[in-house]
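Engineer: would you be able to build a 3D model of this:
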Amino acid sequence: MRYRRVSITGATYFFTLVTERRRPLFREPEAVALFLGAVEKVRARLLYTSSGVEDPVVGSREELDPTYGVLMRYRRVSITGATYFFTLVTERRRPLFREPEAVALFLGAVEKVRARHSFIVDGFVVLPDHLHTLWTMPEGDADFSTRWRLIKEAFTRAYIKINGAPDRNESRRSKSEQAIWQRRFWEHCVRDDADFARHLDYIHLNPVHHGLTTAPRDWPHSSFRAWVDREVYDETWGSDATPELPEWARMHE
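Structural biologist: Just a heads-up that it's a prediction; the model follows:
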């Protein structure tokens with residue numbers, strides 16, 4: 001696997017730092033004052049803004065955040081050769097993938113695009129109304145947005161040809177858009193082996209978390225068995241008590 005630390009000029013970042021052995025060094029106000037003083041000392045030499053605001057990366061734009069009243073700059077992470085975790089959701093969470101035939105149409109669209117625009121599918125799961133997947137991009141290429149656009153278009157054409165077009169609202173009709181996918185998708189750039197393992201586990205446990213099956217091995221629309229064949233998982237993995245979802249994972253449910 002190839003991992004990249006996200007480094008985008010002019011972007012907004014959220015950081016977490018932890019003391020060694022989680023010692024309560026900041027228990028006293030004086031220690032907090034020392035830390036904030038160190039921040040200001042560095043800020044005086046290296047220009048940056050400390051907004052104290054956590055916001056998701058949702059695209060490339062600059063706008064005044066209505067909640068916090070500060071100018072925020074957002075960037076979709078785009079790093080060549082990196083590994084990404086994606087979440088895509090159907091419009092209005094319609095259960096379009098309830099039938100295996102629809103899942104097959106989607107996977108066929110992925111392979112059709114992969115044949116023309118190379119990338120590696122490291123893991124995936126398709127649920128009735130959303131999907132998660134891990135991709136590794138080729139070196140020198142970070143254009144996952146074009147790939148997703150082509151996949152969405154190919155699946156939409158194939159789905160409508162067989163099932164007809166779902167009802168659209170006025171906004172969709174005015175823009176000649178079909179009501180198959182939510183307009184945006186969520187992406188996360190995988191940072192290291194531990195981050196990759198967390199997301200791979202999350203993908204394969206997702207049907208269990210949603211009550212669709214009692215074990216990852218019983219859900220047919222995922223890469224779990226491929227990873228069992230690679231001896232990364234035991235076939236019974238995930239069939240015991242399922243751990244509580246971490247906070248980052250609850251964002252994608």
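Engineer: any idea how far residue 158 is from residue 196?
Structural biologist: Computed as C-beta to C-beta, to the nearest Å, the residue 196 to residue 158 distance reads 31 Å. Just so you know, the C-beta spots here come from the backbone N, C-alpha and C atoms, and that holds for glycine as well.
Engineer: for residue 145, same thing?
Structural biologist: Summarising the geometry, the distance separating residue 145 from residue 158, computed by C-beta to C-beta, is 21 Å.
Engineer: ok, now residue 89?
Structural biologist: Between residue 89 and residue 158 the computed distance is 19 Å (C-beta to C-beta).
Engineer: which stretches in the chain count as helices?
Structural biologist: Assigned by DSSP state H, the helices in the chain fall at 29-45, 100-116, 144-163, 170-174, 193-209, 224-229, 247-250.
Engineer: so who does residue 182 touch?
Structural biologist: By C-beta atoms under 8 Å, 6 or more residues apart in numbering, residue 182 lies in contact with 88, 89, 90, 91.
Engineer: the nearest residue in space to residue 118 that is not next to it in sequence: neighbour count?
Structural biologist: Beyond its immediate neighbours in the sequence, the residue positioned closest to residue 118 (C-beta to C-beta, 6 or more residues apart in numbering) is residue 138, lying 5.1 Å away. Residue neighbour count, defined by other C-beta atoms under 10 Å, stands at 13 for residue 138.
Engineer: any weak-confidence spans in this protein?
Structural biologist: Judged by pLDDT under 70, the chain has its weakly predicted residues at 1-12, 47-77, 166-178, 241-253.
Engineer: hmm, what's the outermost residue in it?
Structural biologist: Among residues of the chain, the one most distant from the C-alpha centroid is residue 30; the distance is 39.3 Å, by C-alpha atoms, centre = their mean.
Engineer: would you confirm that residue 78 contacts residue 146?
Structural biologist: No - taking contact to mean C-beta atoms under 8 Å, the distance of 11.2 Å between residue 78 and residue 146 leaves them out of contact.
Engineer: which of those two has more residues huddled nearby?
Structural biologist: Per other C-beta under 10 Å, whichever of residue 78 and residue 146 has more neighbours is residue 78, with 17 against 11.
Engineer: returning to what we had before: the helices of the chain: which one's closest to residue 180?
Structural biologist: The minimum distance between residue 180 and the helices of the chain falls on helix 144-163, with 4.7 Å, by C-beta to C-beta.
Engineer: for the closest one, the distance to its chain's centre please.
Structural biologist: Here the centre of helix 144-163 is set off from its chain's centre by 19 Å, with C-alpha atoms, centre = their mean, to the nearest Å.
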